[in-house]
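[1] please work out how this folds:
(chains A, B, C and D)
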There are 2 protein chains.
Amino acid sequence: MDNQVARAIDALADPTRRLIFERVAERAAAVGKIAAGLPVSRPAVSQHLKVLKEAGLVTERAEGTRRIYRIDPRGLAALRDWLDQYWATALGDFKDFADQLPEEDQ
Amino acid sequence: MDNQVARAIDALADPTRRLIFERVAERAAAVGKIAAGLPVSRPAVSQHLKVLKEAGLVTERAEGTRRIYRIDPRGLAALRDWLDQYWATALGDFKDFADQLPEEDQ
DNA sequence: CGGTTCGGTAAGTATTCACTTACGGTAAGT
DNA sequence: ACTTACCGTAAGTGAATACTTACCGAACCG
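    Alright, predicted model coming up:
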């Protein structure tokens, strides 16, 4: 399993970080704009955005003193690829449903 | 965002739990079989399997005293649907790349 | 130049949680 | 019935981390 995927999952594991990610996904915005309306302080949002950025889920672009954050497809793509890796086997497991013989000793 | 998705992501956020999940995905097995070779104790694996089960990522089936765990496509499907929800917007954001005007005041 | 806005970083704290050992309970074997 | 194999749960502990306030530099405005 890729290290990139691990960081992406870890990043999305936090509820506040999911809120921030969804907000950024909906509309690229500056840090202050993102923090407004969220139940945490602005520095907390900065810290979360750093994690999301390192996970490849958002990108940052300076615009004056403001930093505009927008969604990054790369982290999303890594997650999708990782999931699809199991998708086939999961369906395969359920195809042969009744015929579960001893299957494993020990 | 669905509560099911939140639990699935939380479940996969732990490295040991990812190991267990990948192992179960590769081959349905009993708890002791899964725990063998892992760097944690068997009770720890039990606790992790409980979390994965509540997240809809694995299912459990009794076979004598053994509990056979196998992958559950439902949690995987929920994750995929959630990801796809952002996939389109992420690509859309990157399609208009150069033309990022003021875009947001504040 | 001050003054203001914007946002990243440091330090400290509290909560969460992954892990351990100990235990109990159920099913199979003799 | 006794023993063994298998596994879930309880309780306690240590480490990871999400949050706060305080502080800092950097870019616009008068």
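[2] run the chain-centre distance for stretch A:79-93.
    Stretch A:79-93 has its C-alpha centroid displaced from the chain centroid by 17 Å (C-alpha atoms, centre = their mean, to the nearest Å).
[3] and the contacts of it?
    With C-beta atoms under 8 Å, 6 or more residues apart in numbering or on different chains as the test, stretch A:79-93 has contacts from A:1-2, A:5, A:8-9, B:22, B:25-26, B:28, B:70-73, B:76, B:79-80, B:83-84, B:87. All C-beta spots, glycine's among them, are computed from the backbone N, C-alpha and C.
[4] so what's A:Arg17 closest to, chain neighbours aside?
    Once flanking residues are discounted, A:Arg17 sits nearest to A:His48: 4.7 Å by C-beta to C-beta, 6 or more residues apart in numbering or on different chains.
[5] flag every residue of chain A that's near DNA strand D.
    Residues of chain A that fall close to DNA strand D, judged by C-beta under 7 Å from any atom of the strand: A:10, A:13-14, A:16-17, A:39-41, A:43-44, A:47-48, A:51, A:64-65, A:106.
[6] which two from those residues end up farthest apart in space?
    Largest separation among the residues of chain A next to DNA strand D by C-beta to C-beta: A:Gly64 and A:Gln106, giving 63.7 Å.
[7] please identify the helix or strand for the residue lying closest to A:Leu57 once chain neighbours are set aside.
    Of all residues not flanking A:Leu57 in the chain, A:Gly75 sits nearest, at 3.9 Å (C-beta to C-beta, 6+ apart). Using DSSP states H and E, A:Gly75 maps to helix A:73-95.
[8] may I see the buried residues of the lowest-mean-pLDDT helix or strand in chain A?
    Sorting the helices and strands of chain A by mean pLDDT, DSSP states H and E puts helix A:73-95 at the bottom, at a mean of 84. Across helix A:73-95, burial judged by 16 or more other C-beta atoms under 10 Å in any protein chain shown covers A:73-80, A:82-83, A:86-87, A:90, A:93.
[9] could I have that helix exported to PDB, CA atoms only?
    Extracted in PDB, the C-alpha atoms of helix A:73-95 (Å, rounded to 0.1, in the frame of the first residue of the first chain):
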ATOM      1  CA  PRO A  73      -7.300  15.400  -7.900                       C
ATOM      2  CA  ARG A  74      -4.100  13.500  -7.300                       C
ATOM      3  CA  GLY A  75      -4.900  12.400  -3.800                       C
ATOM      4  CA  LEU A  76      -8.400  11.500  -4.800                       C
ATOM      5  CA  ALA A  77      -7.000   9.400  -7.700                       C
ATOM      6  CA  ALA A  78      -4.700   7.600  -5.400                       C
ATOM      7  CA  LEU A  79      -7.600   6.700  -3.100                       C
ATOM      8  CA  ARG A  80      -9.700   5.600  -6.000                       C
ATOM      9  CA  ASP A  81      -7.000   3.300  -7.300                       C
ATOM     10  CA  TRP A  82      -6.500   1.800  -3.900                       C
ATOM     11  CA  LEU A  83     -10.100   1.100  -3.400                       C
ATOM     12  CA  ASP A  84     -10.600  -0.400  -6.900                       C
ATOM     13  CA  GLN A  85      -7.800  -2.800  -6.000                       C
ATOM     14  CA  TYR A  86     -10.200  -4.400  -3.600                       C
ATOM     15  CA  TRP A  87     -13.400  -3.900  -5.400                       C
ATOM     16  CA  ALA A  88     -13.000  -6.800  -7.700                       C
ATOM     17  CA  THR A  89     -12.000  -9.300  -5.000                       C
ATOM     18  CA  ALA A  90     -14.800  -8.100  -2.800                       C
ATOM     19  CA  LEU A  91     -17.400  -8.900  -5.500                       C
ATOM     20  CA  GLY A  92     -15.600 -12.100  -6.300                       C
ATOM     21  CA  ASP A  93     -15.900 -13.200  -2.700                       C
ATOM     22  CA  PHE A  94     -19.600 -12.600  -2.800                       C
ATOM     23  CA  LYS A  95     -20.100 -14.400  -6.100                       C
END
